[in-house]
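Asks: coords please:
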Amino acid sequence: MKRLIFGMTMLVLVAAVLVLAACTMPETVVVEREADCGDTERYIVSAPLVHPYITQWQGGAEAAAEELGVEIVFLAPAQYSPEKQLDMTESAMSLPCVAGLSVMTGVPDIMEGVLGQAKERGLGTTQNASCGEAINPDVCMATDFYQAGWTVAERLADLMGGEGNVVVAYGEPGNVVDKDRQAGLEDYFAAHAPDIKVIGTLIDCDNPEGTVRCAEEALATYPEMNAYYSCGNLNSVGATVAFPDAGRDDIIVTGVDDAPEIVEGIINGTVSLTYVQQPYGQGYLAVYIPWLIKHQNVHSTQQYLDTRITLVDQSNIDSYQDTMKQNFLEIKEIVENEIMQPNE
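Replies: Reported below is the predicted structural model:
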């Protein structure tokens, strides 16, 4: 009987201790641990839409990732949407083992917040296309779009004999870089060819449907046009068909980049000239610059990087890609030896 009482007494004491412990022990705190990444490095690369130029840009990023032995996470909404791009990018930043962030955007400041957060985490960053004033990325690299417009205007003034009317084909509504292109065009005319006027601007021409619609609208609305100035990759593709079909082989057509239709147009004479940017090189540097920041203990001494253009017409249609490659090698060397400098 004593043993039973003793056993019951012990049970009461144990229960009391457990109750006391439950009342006095602090709450359990879950501490999130950094992912054990090992050799895994992820570089997020995002764009505002799926587009032929961006496909080449993605190819450059993938080539750099393969060469450096890292991963890329490429993100782009199917249709143009900077807002969706921002949402996708912010979500991807929660992935483990992210080592860098690069974005392409036509809206200069929309990515500033996520870029700033990336830099606070010590990640290398770049931005492609348009560059804002409150710039957060380590490097913003782009074509000098104003100068590109100026350069095309100079050639147009020569082809037009210093007089005539120009219609401008824009890309997506609100695309800042197209405004820069047109500004360079019109400023050159004002300074050097005042008898050439921009008489109309068409919007949303940089897609398969829009390029045809814009070309047909230009013919109907501005029959007095002498030149059709494109601000994007696909903008002038519709003109290569619509203008000849309407018997208007007198209109000078300019392009941007080297979509197959534009190359064919230069060869057969339906396009007078285009300028080719550096999509592959920009994509490569979108991974390479953040990788240098992480692995070489360097920082950027230059916020803006002009990645150059190559003017293309019938005289160099067979050799322009060699010029592009040489430009890329020179730009890469400038990044390695001048722009990126050791941290003290």
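Asks: C-alpha only now, for contacts and for neighbours.
Replies: Noted.
Asks: May I have whichever helix or strand residue 333 is part of as CSV, with CA atoms only?
Replies: Assigned by DSSP states H and E, residue 333 falls within helix 320-334. Taking C-alpha atoms only, helix 320-334 is exported to CSV below (Å, rounded to 0.1, in the frame of the first residue of the first chain):
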residue,chain,number,x,y,z
TYR,A,320,27.8,43.4,-90.2
GLN,A,321,27.8,40.5,-87.7
ASP,A,322,31.6,40.5,-87.6
THR,A,323,31.4,44.2,-86.6
MET,A,324,28.8,43.4,-83.9
LYS,A,325,31.1,40.6,-82.5
GLN,A,326,34.1,43.0,-82.5
ASN,A,327,32.1,45.6,-80.7
PHE,A,328,31.1,43.1,-78.0
LEU,A,329,34.6,42.0,-77.4
GLU,A,330,35.7,45.6,-77.0
ILE,A,331,32.8,46.4,-74.6
LYS,A,332,33.6,43.3,-72.5
GLU,A,333,37.2,44.4,-72.3
ILE,A,334,36.1,47.9,-71.2
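Asks: So which elements touch it?
Replies: When contacts are defined as 3 or more Cα pairs under 8 Å, 6 or more residues apart in numbering; DSSP states H and E, helix 320-334 sits against strand 310-312.
Asks: For the strand it packs on, give me every contacting residue.
Replies: Applying Cα atoms under 8 Å, 6 or more residues apart in numbering, the contact partners of strand 310-312 are 273, 274, 275, 276, 277, 320, 323, 324.
Asks: avg pLDDT for it?
Replies: Mean per-residue pLDDT for strand 310-312: 97.
Asks: Parallel or antiparallel, which strands does that strand pair with?
Replies: strand 273-276 (antiparallel) (DSSP bridges).
Asks: Endpoints of stretch 163-176, how far apart?
Replies: Start and end residues of stretch 163-176 are separated by 27 Å (Cα to Cα, to the nearest Å).
Asks: which residues sit against that stretch?
Replies: The contact list for stretch 163-176, computed with Cα under 8 Å, 6+ apart, reads 80, 106-108, 130, 157, 178, 182, 193-207, 214, 218, 222, 224-232, 235-236.
Asks: residue ranges for the helices of this protein, please.
Replies: 2-24, 52-68, 82-92, 112-120, 145-159, 176-192, 208-221, 239-245, 260-268, 279-295, 320-334 (DSSP state H).
Asks: quick one, which of those helices is nearest to residue 305?
Replies: helix 320-334 (8.7 Å; Cα to Cα).
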